[in-house]
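J.: Predicted coordinates and the sequence they were generated for:
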Number of protein chains: 2
Amino acid sequence: MDLADQLHSAAIHLLRRLRVRDRESGIGPAQLSALSVLVFGGPRSLGELADAEQVRPPTMSRIVAGLHRARLIRRRGTEDGRRILLTATPRGIKLMWAGRHRRVELLARVLGSLPADEKTKLREAAGLLRQLIRNI
Amino acid sequence: MDLADQLHSAAIHLLRRLRVRDRESGIGPAQLSALSVLVFGGPRSLGELADAEQVRPPTMSRIVAGLHRARLIRRRGTEDGRRILLTATPRGIKLMWAGRHRRVELLARVLGSLPADEKTKLREAAGLLRQLIRNI
DNA sequence: GAATTTAGTTAGCATAGCTAACTAAATTTC
DNA sequence: GAAATTTAGTTAGCTATGCTAACTAAATTC
């Protein structure tokens, strides 16, 4: 329980620091996060994107509308006439990479000053966490 | 850069899973987070709370109004007539602990099934991260 | 005592979360 | 094969949360 709390707290404070840079992207956090799923996870339908973001369909519908208005994604029909396939545009991909870089470079800078063995520990921990999260 | 990315991604996905339980608390995420600062960090002024939450004063003013309406915090005047001291009420403290427990128990459950050496690694990593975050 | 600074609030805008109620396409049922 | 049901997404309307600009009031500086 105590360990869970420490990890939870670390995650909160880490993201709180990093999200400051996100405002420079010009789009909101929900749009940014949804776009990252499309850019790094590939095209998918609105419902799948809503599931990935743990958000209800009407919410995702509006997020997608914003991304589309900003020409960051494309909407295509599929064989199933009800579903739409969402794909990041080159513009969307570019914005995402720039944002990711900006966001992570703050962290990368302080990580760079750590001794190698501590970096190794963090790398192992990140791997453990990734597996763990799948089991939650 | 790659390590930074892995940690960033782990933090995002961890919180995305855990925040589901927060909705059960009945108050929004910003109120919950601000309340946690008061409960676990002690009383402070509105401006200090805004700094802690990395939010502008008008935003915190409204978050505080919500917490006050729900009787989760108390507002008191200070010697400096402009500042107000915010303190969590017993009701606020209770809600916070219940929420924290709910939030973290999911994580604690999967952590419990890990071998001891992996838990040790995660504990070390959490400590490293805490120091790291202070330097960002 | 007047001017400035500081703490917080109010007003007004955009984004983001929800549920309820809708449209339209696909599937199931009879 | 027509009717009923299910599924995918949208629209409408609510609350919460972020911002800036403009305000009030208290404290400090000059």
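T.: Sure, I can see it. Everything numeric here is computed off the predicted structure, so don't read it as measured data. Numbering: from 1, shown residues only, chains lettered A, B, ... in the order given.
J.: From now on I want contacts and neighbour counts done on CA atoms only, so please keep to that.
T.: OK.
J.: near DNA strand D, which residues of chain A show up?
T.: A:45-48, A:57-58, A:60-62, A:64, A:82-85 (Cα under 7 Å from any atom of the strand).
J.: again, 6 Å this time
T.: A:45-47, A:57-58, A:61, A:82-84 (Cα under 6 Å from any atom of the strand).
J.: Counting neighbours, which of those comes out on top?
T.: A:L46 (20 neighbours; other Cα atoms under 10 Å in any protein chain shown).
J.: where does chain A dip in pLDDT?
T.: A:1 (pLDDT under 70).
J.: hey, where'd the helices end up in it?
T.: A:2-18, A:29-41, A:46-53, A:57-69, A:90-112, A:116-135 (DSSP state H).
J.: As CSV, those with distance to B:L15 would be great.
T.: Below are the helices of chain A laid out as CSV (distance: least, Cα to Cα, whole Å):
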stretch, distance to B:L15
helix A:2-18, 7
helix A:29-41, 13
helix A:46-53, 11
helix A:57-69, 19
helix A:90-112, 17
helix A:116-135, 10
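J.: Of these, give the one that comes closest to DNA strand C.
T.: helix A:29-41 (3.8 Å; Cα to the nearest atom of the strand).
J.: Let me know whether that closest one sits next to DNA strand C.
T.: Yes - Helix A:29-41 lies within reach of DNA strand C by Cα under 6 Å from any atom of the strand, at A:29-31.
J.: got a list of contacts for that helix?
T.: A:22, A:44, A:49, A:52-53, A:63-64, A:66-67, A:72-73, A:86-88, A:92-93, A:96 (Cα atoms under 8 Å, 6 or more residues apart in numbering or on different chains).
J.: Which members of those residues are classed as buried?
T.: A:22, A:44, A:49, A:53, A:63-64, A:66-67, A:72-73, A:86-88, A:92-93, A:96 (16 or more other Cα atoms under 10 Å in any protein chain shown).
J.: Next, give me the two most distant ones among these.
T.: A:D22 and A:R44 (23.8 Å; Cα to Cα).
J.: returning to what we had before: could you export the residues of helix A:29-41 next to DNA strand C as CSV, including neighbour count and distance to B:L122?
T.: As requested, the residues of helix A:29-41 next to DNA strand C are arranged in CSV below (neighbours: other Cα atoms under 10 Å in any protein chain shown; distance: Cα to Cα, whole Å):
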residue, neighbour count, distance to B:L122
A:P29, 14, 28
A:A30, 15, 29
A:Q31, 17, 31
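J.: what sits against the residue nearest to A:G42 when sequence neighbours are not counted?
T.: In space, and not counting its chain neighbours, A:G42 is closest to A:T87: 7.2 Å by Cα to Cα, 6 or more residues apart in numbering or on different chains. Contact analysis of A:T87 by Cα under 8 Å, 6+ apart lists A:38-39, A:42-44, A:73-75.
J.: Try it again at 6 Å.
T.: A:43, A:73-74 (Cα atoms under 6 Å, 6 or more residues apart in numbering or on different chains).
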